[in-house]
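Engineer: please find the sequence and the predicted model below.
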Amino acid sequence: MPETHFFEQQDGSKIAYKIFESHESKNMKNEPPLVFIIGLWSPKEFFMGLEEDLAKNRKVILLDNRGIGESSVISSDDPISIDLMAQDIIALVKHLGIKRFNLLGWSMGGLIATFIALDVPSDLKLEKLVLIACTVQPIVNPSFETLYNLPEFDFPKSIQEQRDAIPKKFEKNCVDYLLEHPDKFDKFAEIMFNTRRPFEIFKRQWEAIKIANNGNFVSKLSTIKVPTLLIHGEADESVSIEDSELLDREIPNTKFLRIPKAGHM
């Protein structure tokens, strides 16, 4: 497993990232690095090994958004915006000396990736974009809104408590899959229990999503010219597949994969 590296942003926030690559791949030098962007209140480990599979043929960069996991902020009460998290990605890409890159964003990570695609600096080249269960419309999620309004969050006190909580808090498709794959259930519970996921950062991220999705950036989607792959589960209970349908209509060069019986996770 690659070691964690840290990049310090201008405001003092530290962005944690890992680089996955295979030294045996002949395509490695020709393929632009692929940057993974994780979703709401989630650590980079939630990609559950996808980064290792894709790193067999290209360099993969995996990071924690500011304030989550191994990344930090000066204060958890500081405002966090989608644009600010997009700036973190661009700053990291430049820090690593990368000129050509691809992006893969899931959920809120897809929204961040979209913001990047709309405003790529002139000295960088985004070549491909992958948006998974990407949220782009004004979001309606009563369970997240209820969670946001809690004065504090009661985190599980043990791995077993975490395991017991998962079936109650995640959509049925995800729970069914984890129950059918006990090894992944165990890994998922361990990640949730052992990674740093401050409740205040969830609140700031939730605010950021709502502010961004009530803006006018959708009208600019037609300016995204890079090949874009859209992936969305047809049974997604957190982000409607209509969001990806909107992206498919507005972004000129897309391929849209609908996954039957798949949810948000």
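Structural biologist: Perfect, thanks for sending it.

Engineer: state the helix or strand in which the closest residue to residue 192 other than its chain neighbours lies.
Structural biologist: For residue 192, ignoring the flanking residues on the chain, the nearest one in space by Cβ to Cβ, 6 or more residues apart in numbering is residue 162 at 5.4 Å. All C-beta spots, glycine's among them, are computed from the backbone N, C-alpha and C. Element membership for residue 162, per DSSP states H and E: helix 159-169.

Engineer: specify the angle between the helix or strand just after that helix and helix 159-169 in degrees.
Structural biologist: For helix 159-169, the following helix or strand on the C-terminal side (DSSP H and E) is helix 172-180. Using axes from the mean of the first three to the mean of the last three Cα atoms, to 10 degrees, the inter-axis angle of helix 172-180 relative to helix 159-169 is 140 degrees.

Engineer: can you give me the buried ones in the helix or strand just after helix 172-180?
Structural biologist: Counting by DSSP H and E, the next helix or strand C-terminal to helix 172-180 is helix 182-194. Buried residues in helix 182-194, counted by 16 or more other Cβ atoms under 10 Å: 185, 188-189, 191-193.

Engineer: now for helix 182-194, which elements pack on it?
Structural biologist: helix 159-169, helix 172-180 (3 or more Cβ pairs under 8 Å, 6 or more residues apart in numbering; DSSP states H and E).

Engineer: buried stuff in the first one?
Structural biologist: Of the residues in helix 159-169, those buried under the neighbour-count criterion (16+ other Cβ under 10 Å) are 162-163, 165-166.

Engineer: wait, what's in contact with the residue lying closest to residue 179 once chain neighbours are set aside?
Structural biologist: Among residues not flanking residue 179 along the chain, residue 185 sits closest, at 6.6 Å (Cβ to Cβ, 6+ apart). Counting by Cβ atoms under 8 Å, 6 or more residues apart in numbering, residue 185 touches 163, 166, 178-179.

Engineer: okay if I get the buried residues of helix 159-169 as CSV plus pLDDT and distance to residue 24?
Structural biologist: Converted to CSV, the buried residues of helix 159-169 look like this (pLDDT from 0 to 100; distance: Cβ to Cβ, whole Å):
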residue, pLDDT, distance to residue 24
162, 98, 37
163, 97, 37
165, 97, 40
166, 97, 36
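
Engineer: now distance to residue 126 too, for the residues you listed, in CSV please.
Structural biologist: Listed next are the buried residues of helix 159-169 as CSV, based on distance: Cβ to Cβ, whole Å:
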residue, distance to residue 126
162, 37
163, 39
165, 38
166, 35
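
Engineer: relative to residue 248, how far out is the residue nearest the centre of the chain?
Structural biologist: By Cα atoms, centre = their mean, the chain has its centre lying nearest to residue 38, at 1.9 Å. Separation of residue 38 from residue 248 (Cβ to Cβ, to the nearest Å): 23 Å.

Engineer: what does residue 144 give?
Structural biologist: Counting by Cβ to Cβ - residue 144 and residue 248 are separated by 25 Å.

Engineer: would JSON lines of the contacts of residue 185 with distance to residue 99 be doable?
Structural biologist: Output for the contacts of residue 185, formatted as JSON lines (distance: Cβ to Cβ, whole Å):
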{"residue": "163", "distance to residue 99": "44"}
{"residue": "166", "distance to residue 99": "41"}
{"residue": "178", "distance to residue 99": "40"}
{"residue": "179", "distance to residue 99": "45"}
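
Engineer: stretch 123-142 - what's its average pLDDT?
Structural biologist: Stretch 123-142 carries an average pLDDT of 94.

Engineer: just give me the closest of the contacts of residue 185 to residue 199.
Structural biologist: Using Cβ to Cβ, residue 166 comes nearest to residue 199 of the contacts of residue 185, at 17.7 Å.
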